[in-house]
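**Q** sharing a model that was predicted from the sequence below.
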Amino acid sequence: MGAAATAGSTYKNDYVELYNRGTTAVDVTGWSIQFTGPTSGFAAQTTTTPPTPLTTNLSGTIEPGHYYLIQESRGAGGTTDLPTPIS
């Protein structure tokens, strides 16, 4: 995961990168990435804005040997945009 809020970071946004090291495609539809504070537990997502916990819902497929890049929130640091995903 990136650290866009950290001084000296390269990328402007935090990110999560998934890699499929298997031999078959993986469908990530219905998966989600969630963030919660260091002293909080994960819980069902609320409908508040922003939702709690902060959740990014995923969709699509990761082919064998490929990556799936998930852009998260923008931080105060960083000088470079994340790479454009190739589909």
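**A** Here it is on my side, so go on.

**Q** how about the residue in the protein that sits furthest from its center?
**A** Thr23 (23.0 Å; Cα atoms, centre = their mean).

**Q** might one say that that residue is in contact with Pro64?
**A** Yes. Using Cβ atoms under 8 Å, Thr23 makes contact with Pro64 at a distance of 5.3 Å. C-betas here are computed from N, CA, C, even on glycine.

**Q** before we move on, back to that, residue contacts, the residue farthest from the centre of the chain?
**A** Pro64 (Cβ atoms under 8 Å, 6 or more residues apart in numbering).

**Q** quick one: the helices in this protein?
**A** Read by DSSP state H, the chain holds no helices at all.

**Q** in it, which helix or strand is least confident?
**A** Ranked by mean pLDDT, DSSP states H and E, the weakest helix or strand in the chain is strand 54-57, scoring a mean of 81.

**Q** neighbouring strands - and their directions - for that one?
**A** The pairing partners recorded for strand 54-57 under DSSP bridges are strand 32-35 (antiparallel).

**Q** residues touching the strand it pairs with, excluding its own?
**A** Applying Cβ under 8 Å, 6+ apart, the set of residues contacting strand 32-35 is 16, 42, 45, 53-58, 70, 72.

**Q** and with 6 Å instead?
**A** Here strand 32-35 makes contact (Cβ atoms under 6 Å, 6 or more residues apart in numbering) with 16, 42, 53-57, 70.

**Q** may I ask which two of the residues you listed are separated the most?
**A** Phe42 and Ile70 (17.0 Å; Cβ to Cβ).

**Q** neighbour count winner among these two?
**A** More crowded of Phe42 and Ile70, by other Cβ atoms under 10 Å: Ile70, with 19 against 10.

**Q** what's the distance between the residue lying closest to that one once chain neighbours are set aside and Ala44?
**A** With sequence-adjacent residues excluded and distances taken as Cβ to Cβ, 6 or more residues apart in numbering, Ile70 is closest to Val16, at 4.3 Å. Distance, Val16 to Ala44, using Cβ to Cβ, to the nearest Å: 20 Å.
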